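*Asks:* Curious how this folds, go ahead:
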Amino acid sequence: MVPLIRALVFVLAALVVGCAERDPNRLIIYSPHGRELLSHFAREFEAENPGVTVQYLDMGSQEILDRIRSERANPQADVWWGAPSGMFVRAAEEGLLDPVRPTWEGAVPEGSKDADGRWLGTYLTPEVIAYNEDVLGPEDAPADWDDVLDPRWRDKVLIRDPLASGTMRAIFAAIMYREYRATGGFEAGYEWLLRLDAQTKEYVLNPTLLYQKLARQEGLVTLWDLPDIETIRATTELPLNYVIAESATPVVVDAIAVVAGSANPELAGREPPPASRGGRAVFPDSGAHGHPGRFATGVAPRSPAGDPSDGRRSGLHRGERVGVAAALGPRDPGPRA
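*Replies:* A predicted model of the protein is given here:
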C-alpha cells in the first residue's frame with residue numbers, strides 16, 4: 001500500500017506542476033541543434049529581452065514531434081526550432097503549430113515556408129559523409145553514398161538512431177527517392193538500406209555520443225549534416241571532417257515554429273537576435289554553422305578551404321552541386337561493391 005500511495009502522490013504532484021501557471025518571462029524551446037548553438041541563442045535573446053529566461057531541451061527531431069503530440073492537451077514548449085520542413089508540414093496539418101508573421105518572413109522564398117505562417121525556413125542543411133580525420137584523409141574517405149557500402153567499411157560505420165533523428169530520416173528518404181526514380185519501385189531502396197545496416201557497427205542514441213564514438217575510433221564513418229560537423233570542428237578538438245558526396249547531396253530546409261497553445265505566444269513570436277534572422281549568418285561569432293537565405297541557388301555554400309595553414313578546414317572539397325529536392329543524383333547502373 002505504501003508504494004501505491006507514494007506513486008499517487010508523485011502523479012498528483014506532476015499534475016499540479018503541469019497545470020501551474022507558467023512564468024510569462026520564460027521561453028521554452030525544443031530543438032535538436034545542440035548545446036553550442038542553443039546556449040548562444042539563449043544568451044543573445046536574453047540580452048535583447050531583459051528579464052526573459054530562455055530554457056531549451058535538446059533532443060532529436062522526431063522525439064520533438066512525438067513530444068509535442070503527446071503534450072497537445074497541455075503544451076509545455078513555446079518554440080520548436082529545427083527539423084526538416086516536412087516534419088513541420090505534418091505538425092501544421094495536425095494543428096500543432098500556431099501562425100506567426102515575423103518581419104523577416106519576406107526574405108524566405110515560397111516553398112520554404114508555410115503559406116499560413118505556421119512554420120518558416122531558417123537555413124539549408126546539406127547532408128554529408130563524416131569521418132575521423134586522424135585515421136582517414138579526404139582521399140581515403142568514402143567519396144559518395146554508394147562508397148559507404150564497400151566491404152572495407154564493414155563494422156566501421158556508425159549511424160544515429162533513425163527513429164529519433166530527422167537528419168537520418170531525410171538521408172534515408174533521399175536514398176529511397178533516388179532508387180525509386182531509377183527503378184520505378186522501392187525494392188532497390190530497401191536493399192540499399194539493408195546493405196547499409198550490414199555495414200553498421202552501432203545505431204547511436206544521440207549526436208553527442210555519435211561524435212565521441214567517431215572520435216574514439218569506435219567507428220570511422222557516419223552520415224550526418226554539415227552544420228553540426230562544422231560546429232564540432234569549430235568548438236572542439238574532436239578529429240571530425242566531412243565530404244560532400246560527388247554525385248549530389250540532399251539538402252533539407254531547417255525550420256522554426258511557435259507551438260500551438262504556447263503559454264507565452266507573445267514572447268515566442270518576438271524577433272530573434274539579428275544574427276539569426278533570415279538571410280543573415282547564423283551566429284557568426286559562435287562557431288555555429290548554418291546557411292540561412294540560401295534557398296534558391298541549388299549550390300552548397302563554400303566553407304573556407306584554401307588556407308594551407310589549417311589542414312583541418314577542407315570545406316566542401318568534393319562535389320559542390322546539391323539536390324534541394326532531396327535527390328541524390330543518378331544511381332550507378334554498374335555492379336556495386
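
*Asks:* surely residue 174 meets residue 247?
*Replies:* No. Applying Cβ atoms under 8 Å as the test, residue 174 and residue 247 come out as separate, 11.0 Å apart. For glycine as for every other residue, the C-beta is placed from the backbone atoms N, C-alpha and C.

*Asks:* which residues sit against stretch 55-62?
*Replies:* Under the criterion Cβ atoms under 8 Å, 6 or more residues apart in numbering, residues 26-35, 38, 41-42, 67, 77, 82-84, 87, 161, 163-167, 169, 206 lie in contact with stretch 55-62.

*Asks:* can you give me the helices in the stretch 1-150 of the chain?
*Replies:* Assigned by DSSP state H, counting those that start in this stretch, the helices in the stretch 1-150 of the chain fall at 2-19, 34-48, 61-70, 85-93.

*Asks:* Among those helices, show the one with the smallest mean pLDDT.
*Replies:* Mean pLDDT is lowest for helix 2-19 among those, at a mean of 39.

*Asks:* of residue 174 and residue 247, who's got more company?
*Replies:* residue 174 (24 against 19; other Cβ atoms under 10 Å).

*Asks:* element containing the more buried one?
*Replies:* helix 166-183 (DSSP states H and E).

*Asks:* Same check on residue 193?
*Replies:* Here residue 193 is assigned to helix 187-199, by DSSP H and E.

*Asks:* so that helix versus helix 166-183, what angle?
*Replies:* Orientation check (axes from the mean of the first three to the mean of the last three Cα atoms, to 10 degrees): helix 187-199 against helix 166-183 gives 130 degrees.

*Asks:* Mind giving me the packing neighbours of helix 187-199?
*Replies:* Packing partners of helix 187-199 (3 or more Cβ pairs under 8 Å, 6 or more residues apart in numbering; DSSP states H and E): strand 157-160, helix 166-183.

*Asks:* just to revisit the earlier point, relative to helix 61-70, how tilted is the helix holding residue 174?
*Replies:* Counting by the same axes, to 10 degrees, helix 166-183 lies at 110 degrees to helix 61-70.

*Asks:* quick one: contacts for residue 26?
*Replies:* 52-55, 264.

*Asks:* the strands in this structure, which residues?
*Replies:* For the chain, the strands defined by DSSP state E occupy 26-31, 53-58, 79-84, 97-98, 120-132, 157-160, 200-204, 221-225, 240-243, 251-259.

*Asks:* Under the pLDDT cut-off, which ranges of the stretch 151-300 of the chain? List them.
*Replies:* 271-300 (pLDDT under 70).

*Asks:* ok, back up a step: buried ones in the helix holding residue 193?
*Replies:* By neighbour count with 16 or more other Cβ atoms under 10 Å, helix 187-199 contains the buried residues 188-189, 192, 196, 199.

*Asks:* Stretch 110-119 too?
*Replies:* By neighbour count, and taking 16+ other Cβ under 10 Å as the criterion, the buried residues in stretch 110-119 are 112-114, 117-119.

*Asks:* how about residue 136, phi and psi?
*Replies:* phi -120, psi 140 (degrees, to the nearest 10).

*Asks:* you'd agree it is up against residue 220?
*Replies:* Yes. Residue 136 lies in contact with residue 220 (Cβ under 8 Å); the separation is 6.2 Å.

*Asks:* neighbour count winner among those two?
*Replies:* Taking other Cβ under 10 Å, residue 136 and residue 220 do not tie; residue 220 has more neighbours (23 against 17).

*Asks:* Using PDB, list the CA coordinates for stretch 78-87.
*Replies:* Extracted in PDB, the C-alpha atoms of stretch 78-87 (Å, rounded to 0.1, in the frame of the first residue of the first chain):
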ATOM      1  CA  ASP A  78       6.700  27.700 -26.800                       C
ATOM      2  CA  VAL A  79       9.000  27.300 -29.800                       C
ATOM      3  CA  TRP A  80      10.100  24.300 -31.900                       C
ATOM      4  CA  TRP A  81      13.400  25.200 -33.700                       C
ATOM      5  CA  GLY A  82      15.000  22.700 -36.000                       C
ATOM      6  CA  ALA A  83      13.900  19.800 -38.100                       C
ATOM      7  CA  PRO A  84      13.400  19.000 -41.800                       C
ATOM      8  CA  SER A  85      10.500  21.100 -43.100                       C
ATOM      9  CA  GLY A  86       8.500  18.000 -43.900                       C
ATOM     10  CA  MET A  87       8.000  17.400 -40.200                       C
END
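
*Asks:* How far does that stretch sit from its chain's centre?
*Replies:* 9 Å (Cα atoms, centre = their mean, to the nearest Å).

*Asks:* Stretch 256-271 too?
*Replies:* 21 Å.

*Asks:* OK, contacts around residue 201?
*Replies:* 155-158, 218-219.

*Asks:* no no, residue 224
*Replies:* Residue 224 touches 127-128, 130, 160, 167, 207, 210, 242, counting by Cβ under 8 Å, 6+ apart.

*Asks:* Please report how far it lies from residue 235.
*Replies:* For residue 224, the distance to residue 235 (Cβ to Cβ, to the nearest Å) stands at 16 Å.

*Asks:* ok, residue 133 - how many residues close by?
*Replies:* Neighbours of residue 133 (other Cβ under 10 Å): 21.
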